[in-house]
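Enquirer: Attaching a predicted model along with its sequence, questions to come.
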Amino acid sequence: MMRASAAVATSMSDDGRTVVSRLASAPPLTLRQTGACTVHLISTAAGPLGGDRLSLDVYVAPRTTLELASVAATLVLPGDGESELLVTARVGAGATLRFAPEPTVLAAGSDHRLLVRLALEADADVLWREEIVFGRHGEASGRCHARFDVTRDGLPLLRQEFTVGDPDLDASPAVYGSARCVGTTFLTAPVKEPAVAEGVAVLPLAAPGTLVSALAPDAVRLRSRLEWGEQKCLGDDSVAYGGERRSPGLQ
């Protein structure tokens with residue numbers, strides 16, 4: 001059983017540049033600065049394992065920018081009880097945060113809780129992507145309870161909760177059906193109108209913001225569908241980040 005915390009924070013320099021002013025790591029959560037305003041999460045130990053309690057704190061100062069990613073997928077493994085990852089992020093007024101780690105893979109027998117608490121101030125610009133894969137190749141999915149809470153200026157903007165790894169739910173056509181992956185992207189950017197294609201939906205929130213939700217048989221198609229939905233908000237809705245013109249329904 002492991003307890004570990006990591007933290008990253010930005011500040012603004014005297015000449016108006018973003019500075020990564022804090023990086024605190026503890027295995028298996030290790031942070032490395034890889035660009036002027038880019039930080040990657042590197043796993044330096046196996047896990048999370050059952051019973052582990054991990055936390056990541058993110059602070060983006062007003063009018064600064066942070067891109068936070070990971071170098072590889074996170075493999076959740078079974079152990080003694082439920083594992084937990086709590087991500088707490090605060091994004092200041094006029095700040096920009098792009099949070100796009102590689103997928104979380106739920107190994108058979110694992111039991112995981114993923115909690116995200118995202119607090120936005122006025123004019124914060126955010127893209128927050130989460131991808132979950134139902135087990136390694138050829139194995140059953142572990143269990144995961146995911147909760148995502150977003151507030152803007154102290155008021156609720158999004159409350160989302162779902163469970164993976166319950167056999168009675170996973171195979172239901174009304175839940176995951178034959179899908180092996182689920183993902184969501186939250187964006188503060190608005191979408192002009194709702195959009196739906198095979199395995200993906202792009203829906204506006206009551207306050208300014210958009211939620212992209214996708215299911216797919218594999219991680220590659222999940223990423224493609226999420227990126228297609230993101231582009232509905234960010235620009236050219238026929239181009240995924242990789243540059244290939246495509247529609248999720250034609251893959």
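Expert: Done, it's in.
Enquirer: Nearest the middle, which residue of the chain would you pick?
Expert: residue 130 (2.6 Å; C-alpha atoms, centre = their mean).
Enquirer: Regarding it, what is its secondary structure?
Expert: Following DSSP: H, G, I helix; E, B strand; the rest coil, residue 130 is assigned to strand.
Enquirer: Verify the stated contact: it with residue 160.
Expert: No. Using C-beta atoms under 8 Å, residue 130 makes no contact with residue 160, being 9.8 Å away. C-beta: built from backbone N, CA, C; applies to glycine.
Enquirer: Overlap in contacts, these two.
Expert: Jointly contacting residue 130 and residue 160 under the rule C-beta atoms under 8 Å, 6 or more residues apart in numbering are 146, 148, 184.
Enquirer: returning to what we had before: for the residue nearest to the centre of the chain, report the pLDDT, please.
Expert: Looking at residue 130, its pLDDT is 97.
Enquirer: Can you name the residues that contact it?
Expert: Going by C-beta under 8 Å, 6+ apart, residue 130 touches 101, 104, 114, 116, 146, 148, 183, 184, 185.
Enquirer: Among those, name the buried ones.
Expert: Neighbour-count burial within these applies to 101, 104, 114, 116, 146, 148, 183, 184, 185; the criterion is 16 or more other C-beta atoms under 10 Å.
Enquirer: Throw those residues into CSV and include secondary structure, thanks.
Expert: Shown next, in CSV, are the buried ones among the contacts of residue 130 (three-state DSSP):
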residue, secondary structure
101, coil
104, strand
114, strand
116, strand
146, strand
148, strand
183, strand
184, strand
185, strand
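Enquirer: Residue 82: which of those residues is nearest?
Expert: residue 114 (11.0 Å; C-beta to C-beta).
Enquirer: Enumerate the beta-bridge partners assigned to that closest one.
Expert: Taking DSSP bridges as the rule, residue 114 bridges to residue 85, residue 146.
Enquirer: Am I right that it is in contact with residue 104?
Expert: Yes. Taking contacts as C-beta under 8 Å, residue 114 lies within contact range of residue 104: 7.1 Å.
Enquirer: Give me the common contacts of these two.
Expert: 130, 144.
Enquirer: Tell me, how many residues neighbour residue 234?
Expert: If you count neighbours by other C-beta atoms under 10 Å, residue 234 ends up with 16.
Enquirer: nope, residue 93 is what I was after
Expert: 13.
Enquirer: what does the one 5 residues further on give?
Expert: Around residue 98 there are 17 other residues, counting by other C-beta under 10 Å.
Enquirer: List the buried residues of stretch 163-172.
Expert: Neighbour count says stretch 163-172 has 164, 165, 170 buried, by 16+ other C-beta under 10 Å.
Enquirer: where's residue 28 relative to residue 196, distance?
Expert: The spacing between residue 28 and residue 196, counted by C-beta to C-beta, to the nearest Å, is 38 Å.
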